[in-house]
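Asks: Mind folding the following:
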Amino acid sequence: MRLNKDVASVNETPLIRNPRPGFWKTKNREWDFRCHGAVMGILNLTADSFSDGGAYLDPEVALAHALAMEAEGAQIIDVGGESTRPGAAPVSEREELARVLPVLERLQGRLTQAVVSIDTSKAAVARAAVEYGAEIINDVTALQGDPGMARVAAESGAGIILMHMRGEPRTMQAAPEYGDVVSEVRDFLLQRTAAALRSGVSPEKIALDPGIGFGKTVEHNLTLLRHLDALVAEGWPVVLGVSRKSFLGKITNTMAIEDRSGPTMALTCLGRNAGVAVVRVHEVRPNVEALQVVDAVLARC
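Replies: Here you go, the predicted structure:
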């Protein structure tokens, strides 16, 4: 996975703002986040993901977990066949397709409320997933990992999540440095939004993810979390993925994965209070309930 170091200036093409702040269109659905946030449940079809690697390699087990997450209130099921944890090695296109297509095939017609997102940076995987019913392409490289991804995003009509990552998974945690992490992450995402728009992606299809934990220290993560409103203020739906990440254990001094559930829910609440639209989590029910409480308290509608 090779990422472009240079990104086009926002001023190169006038940045088109989200025509309807608070709304997002995926392939066949419109989302209204003004009153309620949404939970994206994680379905890792990998052997080496940091939290649940190897748990869902069997397609039938993966299907059962997806249906269970939907029953618990997940509105999006994010299916991924390549780990992006720090230090993870890339997998081939063939291997990634072999992991995700049997599960996507089984999911067709089985989800009654939730939609499928494909977590990939490969254009061929994204294209195949949309053909199998995926509504959303979740690209951790923000369309930089594969030169064909922007075209797939534009032509498929899928929703697209553009995420910030410094470097690549194998190297991203090797002493990352920023002058001003909030402005640099925001500017990068706006630049990648402009690039997506130039490639023909509709503005109403775009969502942004600050990439917590992707090429960032604990303090970088905390600074971004303190200033989520700066990204939300740009008008695009914001996706927040902090579930079970190691920086939570560093803060609480409890490194066991199972001890990170409470901290994850705390950030679900903080993120929604700042205006985050979607939270990406491993444990669906407690985060659905956390969102319900926050939305009830905020009473934005």
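Asks: use CA for all of it now, contacts and neighbours both
Replies: OK.
Asks: contacts for stretch 161-168?
Replies: 1-3, 136-143, 172, 176, 185, 188-189, 192-193, 206-211, 214-216, 239 (Cα atoms under 8 Å, 6 or more residues apart in numbering).
Asks: ditto for stretch 114-122
Replies: 70, 74-82, 93, 126, 129, 133-141, 143, 145-146, 149.
Asks: can you give me the helices for the stretch 201-301 of the chain?
Replies: 218-226, 228-232, 246-252, 261-274, 284-298 (DSSP state H, counting those that start in this stretch).
Asks: Just to be sure, which of the contacts of stretch 161-168 are found in strands?
Replies: 136, 137, 138, 139, 206, 207, 208, 209, 239 (DSSP state E).
Asks: surely residue 242 meets residue 283?
Replies: No. At 11.6 Å, residue 242 does not count as touching residue 283 under the criterion of Cα atoms under 8 Å.
Asks: More neighbours: which of those two?
Replies: Using other Cα atoms under 10 Å, the more surrounded residue of residue 242 and residue 283 is residue 242, with 24 against 20.
Asks: still on that earlier bit, among the contacts of stretch 161-168, which ones are buried?
Replies: Buried members of these, scored by 16 or more other Cα atoms under 10 Å, are 3, 136-143, 172, 185, 188-189, 192-193, 206-211, 214-216, 239.
Asks: re earlier: among the contacts of stretch 114-122, which are in helices?
Replies: Here DSSP state H is the test, and these give 70, 93, 126, 129, 149 as lying in helices.
Asks: where does the protein have low pLDDT?
Replies: 1-15, 48-54, 85-88, 169-172, 174-175 (pLDDT under 70).
Asks: Could you export the top helix by length along it as PDB, CA atoms only?
Replies: When the chain is parsed with DSSP H, its longest helix is helix 181-198. The C-alpha trace of helix 181-198 is given here as PDB (Å, rounded to 0.1, in the frame of the first residue of the first chain):
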ATOM      1  CA  VAL A 181      -2.700  17.800  14.800                       C
ATOM      2  CA  VAL A 182      -6.200  19.200  14.700                       C
ATOM      3  CA  SER A 183      -5.600  21.500  11.700                       C
ATOM      4  CA  GLU A 184      -3.400  19.000   9.900                       C
ATOM      5  CA  VAL A 185      -6.000  16.200  10.100                       C
ATOM      6  CA  ARG A 186      -8.800  18.600   9.200                       C
ATOM      7  CA  ASP A 187      -7.000  20.100   6.200                       C
ATOM      8  CA  PHE A 188      -6.000  16.600   5.000                       C
ATOM      9  CA  LEU A 189      -9.600  15.400   5.100                       C
ATOM     10  CA  LEU A 190     -10.800  18.600   3.300                       C
ATOM     11  CA  GLN A 191      -8.100  18.100   0.600                       C
ATOM     12  CA  ARG A 192      -9.200  14.500   0.200                       C
ATOM     13  CA  THR A 193     -12.800  15.600   0.000                       C
ATOM     14  CA  ALA A 194     -11.800  18.000  -2.800                       C
ATOM     15  CA  ALA A 195     -10.000  15.200  -4.600                       C
ATOM     16  CA  ALA A 196     -13.100  12.900  -4.300                       C
ATOM     17  CA  LEU A 197     -15.300  15.700  -5.700                       C
ATOM     18  CA  ARG A 198     -13.000  16.200  -8.600                       C
END
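Asks: Show me which positions of it end up buried.
Replies: For helix 181-198, burial by neighbour count (16+ other Cα under 10 Å) applies to 181-182, 185-197.
Asks: Also compute the angle for that helix relative to helix 218-226, please.
Replies: 70 degrees (axes from the mean of the first three to the mean of the last three Cα atoms, to 10 degrees).
Asks: Residue 20: how many residues sit nearby?
Replies: By other Cα under 10 Å, the residues close to residue 20 number 12.
Asks: Let me fix that, I meant to ask about residue 84.
Replies: Neighbours of residue 84 (other Cα under 10 Å): 20.
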